[in-house]
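Peer 1: Structure here, sequence nowhere to be found:
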């Protein structure tokens with residue numbers, strides 16, 4: 001609930017916004033505001049996407065540590081969530097996905113409207129590859145891909161053609 005948080009006035013000490021994550025392996029990646037009937041898309045490292053309504057996620061207090069996503073989704077062994085997106089602002093947009101081996105894929109966001117409870121395939125992966133990035137795009141952005149060896153490439157998003165959900169993508173770097 002948004003009214004849990006309030007504006008800090010002059011001389012105020014403020015409130016703790018979330019639980020301290022320094023003693024765990026968890027990291028804060030994205031923070032966004034949703035409504036109860038919005039849908040959330042969970043993209044995993046194995047190239048699958050799951051969905052949940054916001055009201056299906058248990059509400060916690062302001063300083064609660066949260067609940068493991070394994071308790072909410074039917075993930076397989078070794079599968080972990082890479083990106084969490086809200087579907088409210090996804091009309092006329094694209095999802096850009098990149099794998100560990102440098103494959104990139106751009107898919108119209110409306111391809112992810114009907115998702116089974118067991119999830120659907122978001123990107124076809126080669127043996128030993130995994131999804132490492134997924135982001136929402138307007139179709140007119142610049143993409144930068146970098147390697148662990150310090151190499152990088154920058155190109156306009158229009159150079160990657162839109163493709164279907166089952167496609168594996170094209171070589172990005």
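Peer 2: Yep, it's here. Computed from a predicted model, the values in this text were never measured in an experiment.
Peer 1: Strands of the chain, start to end?
Peer 2: Secondary structure of the chain (DSSP state E): strands located at 39-44, 48-53, 81-86, 94-99, 103-108, 120-121, 131-137, 142-146, 152-156, 170-171.
Peer 1: In the sheet, which residues pair with the most centrally placed residue in the chain? Tell me.
Peer 2: Residue closest to the average C-alpha location in the chain (CA atoms, centre = their mean): residue 83, at 1.9 Å. Taking DSSP bridges as the rule, residue 83 bridges to residue 43.
Peer 1: show me the residues around it that make contact.
Peer 2: Applying CB atoms under 8 Å, 6 or more residues apart in numbering to residue 83 gives the contacts 29, 30, 42, 43, 133, 134, 135. From N, CA and C alone the C-beta is placed, and that goes for glycine too.
Peer 1: most neighbours, which of the residues you listed?
Peer 2: When neighbours are counted by other CB atoms under 10 Å, residue 43 leads the contacts of residue 83 with 24 neighbours.
Peer 1: Check it and give its pLDDT.
Peer 2: pLDDT for residue 43: 95.
Peer 1: and what of residue 13?
Peer 2: Residue 13 carries a pLDDT value of 78.
Peer 1: One more: the one 4 residues further on?
Peer 2: You'll see residue 17 listed with a pLDDT of 70.
Peer 1: got it, and the one 5 residues further on?
Peer 2: Per-residue confidence at residue 22 stands at 73 (pLDDT).
Peer 1: what are the phi and psi values for residue 90?
Peer 2: Backbone torsions of residue 90, given as degrees, to the nearest 10, read phi -100, psi 10.
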